[in-house]
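Peer 1: mind folding the following:
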Amino acid sequence: AVMLLSACNSSKKEGNATLNDKKTDLEKLKGEKNKLDSKISGLEKEIAKLDTSAGAAQKTKLVAVQTLAATDFAHYIELQGHIDAENVSYITPRGAPGQVKAIYVKQGQQVRKGQLLLKLDDAVIQQNVVAARQGLEGIKTQLSYAKNIYQRQKNLWDQGIGTEVQLITAKNNVATLENQLQVTQENVKSVQVQSNTSLVYSNVNGVADMVTVKVGELFGSVGSGVIKIVNNGSLKVTGNIPENYLGTVHTGSQVIIQMPDVNKTFNVAVSFVGASIDVINRGFVVEAKLPFDAALKPNQIALMKIKDYAAPNTISIPLNTLQNDDKGKFVMVANTENGKMIAHKRMVNIGLLSGDVLEVKTGLKPGDVLITEGFGSLYEGQLLTLK
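Peer 2: Sure thing, here's the model as predicted:
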């Protein structure tokens, strides 16, 4: 029994040794195969370049190409803004608040500068006007009487009748009343001006965007109804830009304003750049004035595209044509050699991205033929066929 067990163990060890040897041999063969495959592939590529008959048999790749030309490249900052009205007026009385007696404007109505909008209660003011005018007439009567007395006193004095004191007193009475007359006339003018404050006028042209005042209410006090006039002829788009763009955006920078709600686009310029950075959002305000358009409304959402970089006569390529490897960024181009179109790898140095268009600093020139479709599996020297 002992001899039988020993024989079995010996047989098992020999079997394991044989299996390990076979695995080792297999790994060696696989390694040799990979080396041979690599050598075969390299030789095929070299033969394809040197042997025209082999090149004819080489498999070609179907691609689409684009001949590059120098164009003007621009980069834009995209942000959301909104429309503001430059000329918005909240109407207030020129004098003290007063009770509304009549309203001459409706919400949504076009109004012009100087148009009468409201009439306030002016009963007290009119009483003051009447009293001031009556006072003025009284002063005029007294002055006329004083002048008459003075003239008579002077005539008597010229005849040697009366005293000098009487003459001087009469003259002083006239001077005093003349001063009172001047003061009273100014008072009447002031009261008349106050009477006009009961009439409330628009101080701008525009649309009555809000009319919440009602007859009988007090107008002009805190919490009372309002009249808001908006001039849609002077609209602007306002946006907030991150502070890292402070050095590239300035007054006069080109702006493309897109209004998606009304399907309109405007090419304008930055009209204002904020002088300070907001401590909360770390941005600064920019504004761009808009031309008149009846479809535009205050507080409407707008998309702002502000040009912050421009490069004339620059090569640019579609973003999806750019590839990467361990050597860096590259694209595939097509060259015609001996009547055949051959793929070549071209290393490039890129700049900014604008939408799906990429600026190329170096590596490409006008006239280069860029492969735009079918470039993903190309290799250096592969034959090409155009779609």
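
Peer 1: center of the chain, which residue is that?
Peer 2: Residue closest to the average C-alpha location in the chain (CA atoms, centre = their mean): residue 239, at 3.9 Å.

Peer 1: what's the longest strand in the protein?
Peer 2: strand 71-90 (DSSP state E).

Peer 1: okay, that strand in PDB with CA atoms only?
Peer 2: Output of strand 71-90 as PDB, limited to C-alpha atoms (Å, rounded to 0.1, in the frame of the first residue of the first chain):
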ATOM      1  CA  THR A  71     -10.400  83.700 -41.700                       C
ATOM      2  CA  ASP A  72     -11.100  86.100 -38.900                       C
ATOM      3  CA  PHE A  73     -11.500  84.300 -35.600                       C
ATOM      4  CA  ALA A  74     -13.400  85.700 -32.700                       C
ATOM      5  CA  HIS A  75     -14.100  84.500 -29.200                       C
ATOM      6  CA  TYR A  76     -17.300  85.600 -27.300                       C
ATOM      7  CA  ILE A  77     -18.300  85.600 -23.700                       C
ATOM      8  CA  GLU A  78     -21.900  84.300 -23.400                       C
ATOM      9  CA  LEU A  79     -24.100  85.300 -20.600                       C
ATOM     10  CA  GLN A  80     -27.800  85.900 -19.800                       C
ATOM     11  CA  GLY A  81     -29.000  89.400 -19.400                       C
ATOM     12  CA  HIS A  82     -32.300  91.300 -19.300                       C
ATOM     13  CA  ILE A  83     -33.700  94.400 -20.900                       C
ATOM     14  CA  ASP A  84     -33.900  97.600 -18.800                       C
ATOM     15  CA  ALA A  85     -35.600 100.900 -19.800                       C
ATOM     16  CA  GLU A  86     -33.300 103.800 -19.500                       C
ATOM     17  CA  ASN A  87     -36.100 106.200 -19.200                       C
ATOM     18  CA  VAL A  88     -38.600 105.100 -16.500                       C
ATOM     19  CA  SER A  89     -40.500 107.700 -14.600                       C
ATOM     20  CA  TYR A  90     -42.700 107.300 -11.500                       C
END
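
Peer 1: how far out from the middle of the chain is that strand?
Peer 2: 2 Å (CA atoms, centre = their mean, to the nearest Å).

Peer 1: so after that strand, what's the next helix or strand?
Peer 2: strand 98-103 (DSSP states H and E).

Peer 1: thought residue 237 was touching residue 287?
Peer 2: Yes - the pair formed by residue 237 and residue 287 meets the contact definition of CB atoms under 8 Å, at 6.9 Å. Using the backbone N, CA and C atoms, a C-beta is placed for each residue, glycine as well.

Peer 1: returning to what we had before: surely the residue nearest to the centre of the chain forms part of a strand?
Peer 2: Yes - the assignment for residue 239 (DSSP: H, G, I helix; E, B strand; the rest coil) places it in a strand.

Peer 1: check contacts around it.
Peer 2: Residue 239 makes contacts with 79, 80, 81, 82, 285, 286, 287, 302, 304, as judged by CB atoms under 8 Å, 6 or more residues apart in numbering.

Peer 1: one more time with 10 Å, if that's ok
Peer 2: 77-82, 255, 257, 270, 283-288, 302-304, 306 (CB atoms under 10 Å, 6 or more residues apart in numbering).

Peer 1: buried ones among those residues?
Peer 2: Among these, those buried by neighbour count (16 or more other CB atoms under 10 Å) are 77, 79, 81, 255, 257, 270, 283-288, 302-304, 306.

Peer 1: closest to residue 354 out of those?
Peer 2: Nearest to residue 354, judged by CB to CB, of the buried ones among the contacts of residue 239 is residue 77 at 10.5 Å.

Peer 1: residues in contact with the closest one?
Peer 2: When contacts are counted by CB under 10 Å, 6+ apart, residue 77 touches 239, 241-242, 245, 248-249, 253, 255, 286, 304-309.

Peer 1: what helix or strand is residue 231 on?
Peer 2: For residue 231, the element it lies in under DSSP H and E is strand 227-242.

Peer 1: after that strand, next one along is what?
Peer 2: Sequence-wise, the next helix or strand downstream of strand 227-242 (DSSP H and E) is strand 254-259.

Peer 1: residue boundaries of the helices in the stretch 151-300 of the chain?
Peer 2: Ranges of helices in the stretch 151-300 of the chain, per DSSP state H, counting those that start in this stretch, are 164-196.
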